[in-house]
Each structure stands twice: as C-alpha cells, then as structure tokens.
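K.L.:
Output the structure for:
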Amino acid sequence: MMLDGGRIADELYEMAAAPADAILHRAVQRLHLSGEPYDWVGIYLLSGQHLVLHSYIGQPTQQGRIAVGQGLCGTAVSENRDMNIPDVAAMSDHVTRDDETRSETVVRVRHGECIVGVIDIESRAAAAFAEETERELRLIADALGELVGPRLRQQS
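P.N.:
The predicted structure is shown next:
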C-alpha cells in the first residue's frame, strides 16, 4: 500500500478543533498504519535548543531529547532542510535507536518559516523512502504545522 499523505492530511484537518496532542498522536498512528516499511514513527517538538519526543510507535527509545544539530533530527532543524538517508550506516553522527535501522527520513513541521518539530521515520529496509514518499510526508507535515503550529508557538 502506498502512503497517501493527502488523505492523512485531510483526516488531520477534520480534527482541527481537537487538542494538539490528539492531532499529533493521530498523525503518528496513521503513518504507522500506512502499510509502508515503517518500523519506528515519531514526532519530536522543538523546545528551545532541543527536540523533545512527543508521540511515537515502535521500539522504546532513549532519545527523548535531541539537541539541535545532533543526529539526523537535530541536523534537519539546524540546517533547515528535510533529510532522507538511504543508508544510516554511512553516517558518522547517526543517533542509533535500533541497530537494525537501515534508512531514515526526517521531515520538518513548520508554522510559516518557523520549525516547530519534525516527523522522524525509520525503516529496517535500506533506501525505504522514495522521493514520492517524501512529497506525501510533506503534505502531512504541512497540515500539522498549520493545525498545531500556532498552538505550539503560543506555549513557547
């Protein structure tokens, strides 16, 4: 089954009146259930100079806080760009959550130009994330930015 970011984004928009936590949890749930080779799906929210794990599905993790600039998630924020790494073993600064992870993608969640968090997805399959997958993830990240971004920025 192919990831349908538009459909997931539409479901999230239907939840516009729900608490931000519920919207973020639903996004993680729907991504995990999408049928793609996603072994770990999480959303980190930016708090000062750290990304703080909000919701996830997958193996337990010790990476509840990641400094901006550290690992793939922190680098995505510090360099203000989405990241798609087909072979994490080739990265010297990869933060290992699961030794069997082979590929990872990180998509920024933005409210306007302000980064409020990231979607982080890991797979045990090498090169699991095609350009089309990234485009679909961007639709979901944009919906999250629009729906929860203003609320998150008010809290900080």
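
K.L.:
Which parts of this protein are helices?
P.N.:
Counting by DSSP state H, the segments of the chain that form helices are 5-14, 20-32, 71-78, 131-155.

K.L.:
Quick one: list the elements packing against the helix or strand bottoming out on mean pLDDT in the chain.
P.N.:
Every helix and strand in the chain was compared by mean pLDDT, DSSP states H and E; the lowest is helix 131-155, with a mean of 89. With contacts taken as 3 or more Cβ pairs under 8 Å, 6 or more residues apart in numbering; DSSP states H and E, helix 131-155 sits against helix 5-14, helix 20-32, strand 103-111, strand 114-123. The way it works is simple: take the backbone N, C-alpha and C, and place the C-beta from them, glycine included.

K.L.:
circling back: mind putting the helices of the chain in a markdown table, distance to Gly42 included?
P.N.:
Output for the helices of the chain, formatted as a markdown table (distance: least, Cβ to Cβ, whole Å):
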| stretch | distance to Gly42 |
| --- | --- |
| helix 5-14 | 16 |
| helix 20-32 | 7 |
| helix 71-78 | 9 |
| helix 131-155 | 13 |
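
K.L.:
Find the one among the ones you listed with the highest mean neighbour count.
P.N.:
Among these, helix 71-78 has the highest mean neighbour count (mean count of other Cβ atoms under 10 Å), at a mean of 22.

K.L.:
Give me the residues contacting it.
P.N.:
44, 46, 51, 63, 66-69, 82-83, 85, 88, 91, 93-95, 104, 106-108, 115, 118, 120 (Cβ atoms under 8 Å, 6 or more residues apart in numbering).
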